[in-house]
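1. Need the 3D shape of this:
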Amino acid sequence: MATDRDLISVTDDEAVRIITIDRPERRNAVDRATGAALAEAFRAFDADRSASVAILTGASGTFCSGADLKGLTEGGGNRVSEVGDGPMGVSRLRLSKPVIAAIEGFAVAGGLELATWCDLRVASSDATLGVYCRRFGVPLVDLGTIRLPRLIGHSRAMDLILTGRGVSGTEGFTMGLVNRVTAPGEALKEAIVLGHQLSDFPQTCMRHDRLSAIEQWDLGEPQAMLNEVRHALVTIGSGETLEGAARFTSGVGRHGEFHQD
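-> Okay, here's the model as predicted:
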């Protein structure tokens, strides 16, 4: 299905939802309308029980070139406010389910911030990731100054933030910015495979472990420990843990195999 004048497209591959920025004439830059469409699409994903994992990607060989600066000069500038959604639409959302970025071409400026918002990043070896907005006096305002240091460490993050240089998917992998590297043109395919692997796991346990890992950044160690236990108790109370123990006892999934039935 298409939404909001085809600024984005949304398709499902069983439990994996693929959300694609579809503005190739602007290298998938995000203006105000596109940001709103992305936020709406991801909120709908989070509320849909049939969808377990989302993939964010871009059409025509480009992930996202950032905020639409032409749109800014044409009156369609991104929304920048202390409250509400971020300028790129989704950067302030905390979803209950994982999102994978499938990156081909450029993931720069706000596009890099979208990629760091995702839980995992699959990038082609020749993709380019960088703070290209350094060249134009456009600030990182979609949590780039927060997520980059948390993902790759302060020193490497400062290298990218201060110099604005681009790194390939291969270099991004070496610094921990990219989780999987593929041959050119294969990022979405690999991301879908990864998405199905995640969707096959017991979902309550995975989602609560994920949220505990995210929420601990805002907490001191005693509070983070308590928060982890509370998430774990929800999982145990759901019955997934007992069901998993029974599967293990029957011989399923031992030695690191990913069988769920």
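2. and the nearest residue to D85 once chain neighbours are set aside, what does it touch?
-> Using Cβ to Cβ, 6 or more residues apart in numbering and skipping the chain neighbours, the partner closest in space to D85 is A39 (5.0 Å). Quick note: C-beta positions are derived from backbone N, CA and C, even for glycine. By Cβ atoms under 8 Å, 6 or more residues apart in numbering, the residues touching A39 are D85, G89, V90, L93.
3. Just give me the neighbour total for the third one.
-> What that stands for is V90. Per other Cβ atoms under 10 Å, the neighbour tally for V90 reads 24.
4. The second one now?
-> G89 is surrounded by 29 other residues when neighbours are defined as other Cβ under 10 Å.
5. what's the spacing between the residue nearest to D85 and L140?
-> 19 Å (Cβ to Cβ, to the nearest Å).
6. Let me see the contact set for A232.
-> Contacts of A232 by Cβ under 8 Å, 6+ apart are H208, S212.
7. From S238, how far out is it?
-> 11 Å.
8. Equivalent analysis for S124, please.
-> From S124 to S238 the distance is 38 Å (Cβ to Cβ).
9. And for G111?
-> From G111 to S238 the distance is 37 Å (Cβ to Cβ).
10. out of these two, which sits in the busier spot?
-> G111 (32 against 15).
11. Would you agree that one is in contact with T57?
-> No - between G111 and T57 there is no contact, the gap being 11.1 Å when judged by Cβ atoms under 8 Å.
12. Pull up the overlap in contacts between these two.
-> F63.
13. show me where the stretch 1-150 of the chain has strands.
-> Remark: strands assigned in the stretch 1-150 of the chain by DSSP state E, counting those that start in this stretch are 2-3, 8-13, 16-21, 53-58, 99-103, 106-108, 120-124, 128-130.
14. In CSV, list those strands along with distance to G172, mean neighbour count and mean pLDDT.
-> Formatted as CSV, the strands of the stretch 1-150 of the chain follow (distance: least, Cβ to Cβ, whole Å; neighbours: other Cβ atoms under 10 Å; pLDDT from 0 to 100):
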stretch, distance to G172, mean neighbour count, mean pLDDT
strand 2-3, 30, 14, 44
strand 8-13, 24, 16, 98
strand 16-21, 19, 23, 98
strand 53-58, 16, 26, 98
strand 99-103, 9, 28, 99
strand 106-108, 9, 28, 98
strand 120-124, 6, 27, 99
strand 128-130, 5, 24, 98
